[in-house]
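# got a predicted model here, sequence first, then my questions.
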Amino acid sequence: MQTVYEQLLTWCREQDFAGHDPFDALNSRIFQATPLAHSRAARLLWTQLMKRSPADLRGVALVPAERNAKGIALFALAQLATWRRTKTKETELQARNLLTTLLSMKVEGGSGIAWGYNFDWQSRNFFAPQGTPTVVPTAFAARAFIEAANAFNDGEYLNTARRVCDFILRDLPRTVDTETEVCFSYAPDSNTRIFNASLLAAEILACVGQLTDDAALCREAERAARYVVNQQQSDGSWTYGTQASQSWIDNFHTAYILFSLKRIISACALGTDFQHSLDQGFRYWKDRFFLADGWPKYYHDGPYPADAHAAAGAIVTFLECRDLDEGSIPLAQQVASWTIRNLRDQQGFFYYQRRRFYTVRKPYMRWTQAWMLYALARLLEDTSN
């Protein structure tokens, strides 16, 4: 496992942590030069065409390879896990350098600090131009700064994370806001109810609240957690969101929810109703999303595509929730072994997806390499003793 980690890290460094992304099709210089760039339907179709094509069309379409803020956050989290395991000056410097790079990528303006994606993003529900501050990359960046504050006892990192809370509380619309519940939207100009995204925001509020002894942050985190817990289905699952077009149930978004809920419960000392929801959700996820050999299913009702992002998210979540099930660490190891056998290139990077009739071998930097490096670093950390 150590060799796999080192070879992947070396490959990513050789690329300067820059690459393509499944959703960066709208960065195409050719597409942007056409009137289609102003059409919602065309943007969505072009994005899906580039994402689903078995051949990589980005070179022909002139899509540049770039750094991605969430990817850099994941690389920083990987290096922080390695530092916690090794405690060397070299790994500390590598982690700090990535955090400096990450801070330089923040989006200016607004009430606090936030991050966005390096491409225009057309989803089925809204359009976010390049650089729009959005909750997911922001939350992962904040997670990295929180872990760095803990690792290095550095108040500046904690201050950065606290400023993220200002963005969450002041700039994100609240699509649900009652005395007991709140749901944070995906971006300042959106109106979404996406469970994992709102809970990622709550995770940051909870963890910063714990570190700064700010009960008000924990209260907001608890309201957001209660909304998501109340949206859990009777079998323990969560759909992606509340709209009819968001009714699917997938592996890695479920893992996001479990990971964030686990940290919120711990940080804010939440009660048994939250713990019951976590336990039920974890059992559903563990039982429905993995085949006997460690294959991480994408959807609850079908194995394809086998996705390296889903595999990495599963490894990290099994490790985070290891006190819920004594088999969590062996399951994380099993998923890692399957992914190494089936989705790893001999050059050291990981493929995007294995589909029913072919494998997409594109080495997406954020979606696949950053996630796998984070997962492998956490696995090495948690199995080193």
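Okay, I see it. Predicted model only: the values in this text are computed from it and were never measured. Numbers count the residues shown, from 1 in each chain.
# distance of Ala18 from Ala65?
The gap separating Ala18 from Ala65 is 5 Å, by C-beta to C-beta, to the nearest Å. C-beta here means a position set from N, CA and C on the backbone, and glycine is covered the same way.
# who touches both of those two?
When contacts are counted by C-beta atoms under 8 Å, 6 or more residues apart in numbering, Ala18 and Ala65 have Met365 as shared neighbours.
# which residues of the protein fall in helices?
Counting by DSSP state H, the chain has helices at residues 2-14, 29-32, 40-52, 69-86, 89-104, 135-152, 155-171, 195-212, 215-230, 251-268, 272-288, 308-320, 328-343, 371-382.
# CSV for those, including mean pLDDT, distance to Gly59 and mean neighbour count?
Rendered in CSV, the data for those read as follows (pLDDT from 0 to 100; distance: least, C-beta to C-beta, whole Å; neighbours: other C-beta atoms under 10 Å):
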stretch, mean pLDDT, distance to Gly59, mean neighbour count
helix 2-14, 98, 18, 16
helix 29-32, 95, 11, 13
helix 40-52, 91, 11, 16
helix 69-86, 98, 20, 26
helix 89-104, 98, 26, 17
helix 135-152, 98, 25, 25
helix 155-171, 97, 36, 19
helix 195-212, 98, 32, 26
helix 215-230, 98, 41, 21
helix 251-268, 98, 28, 24
helix 272-288, 97, 37, 18
helix 308-320, 98, 21, 27
helix 328-343, 98, 22, 19
helix 371-382, 98, 23, 25
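# adding distance to Lys297, write the ones you listed out as a markdown table.
Shown next, in a markdown table, are those (distance: least, C-beta to C-beta, whole Å):
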| stretch | distance to Lys297 |
| --- | --- |
| helix 2-14 | 22 |
| helix 29-32 | 33 |
| helix 40-52 | 19 |
| helix 69-86 | 22 |
| helix 89-104 | 32 |
| helix 135-152 | 22 |
| helix 155-171 | 32 |
| helix 195-212 | 17 |
| helix 215-230 | 22 |
| helix 251-268 | 6 |
| helix 272-288 | 8 |
| helix 308-320 | 8 |
| helix 328-343 | 11 |
| helix 371-382 | 17 |
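# out of those, which gets nearest to Val60?
Taking C-beta to C-beta as the measure, these were each checked against Val60, and helix 29-32 came out nearest at 8.1 Å.
# report the distance from the closest one to the chain centre.
When C-alpha coordinates are averaged (C-alpha atoms, centre = their mean, to the nearest Å), helix 29-32 and its chain have centres 28 Å apart.
# tell me what that helix is packed against?
The helices and strands touching helix 29-32, judged by 3 or more C-beta pairs under 8 Å, 6 or more residues apart in numbering; DSSP states H and E, number zero.
# dump that helix to CSV, keeping only the CA atoms.
What follows is helix 29-32, C-alpha atoms only, in CSV (Å, rounded to 0.1, in the frame of the first residue of the first chain):
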residue,chain,number,x,y,z
ARG,A,29,-12.0,27.1,-26.0
ILE,A,30,-13.8,25.7,-29.1
PHE,A,31,-17.2,25.4,-27.3
GLN,A,32,-16.8,28.9,-25.7
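# what number of residues lie near the closest residue in space to Trp248 that isn't next to it in sequence?
Once flanking residues are discounted, Trp248 sits nearest to Tyr240: 5.6 Å by C-beta to C-beta, 6 or more residues apart in numbering. For Tyr240, the count of nearby residues is 18 (other C-beta atoms under 10 Å).
# who's in contact with Thr134?
Contact partners of Thr134, counting by C-beta under 8 Å, 6+ apart, are Ala114, Trp115, Gly116, Tyr117, Ala128, Tyr186, Ala187.
# roughly how far apart are the closest residue to it other than its chain neighbours and Ala269?
In space, Thr134 comes closest to Ala187 once its chain neighbours are excluded; the distance is 4.6 Å by C-beta to C-beta, 6+ apart. Between Ala187 and Ala269 the distance, using C-beta to C-beta, works out to 31 Å.
# please parse this protein into its domains.
Domain assignment of the chain by automatic domain parsing yields the ranges 2-19+67-120+129-382, 25-65.
# how close does the residue nearest to Trp248 sit to Ala375?
22 Å.
# next one: Trp295
From Trp295 to Ala375 the distance is 16 Å (C-beta to C-beta).
# repeat that for Leu62.
With distances defined as C-beta to C-beta, the gap from Leu62 to Ala375 amounts to 32 Å.
# one more: Gly348?
Taking C-beta to C-beta as the measure, Gly348 falls 15 Å from Ala375.
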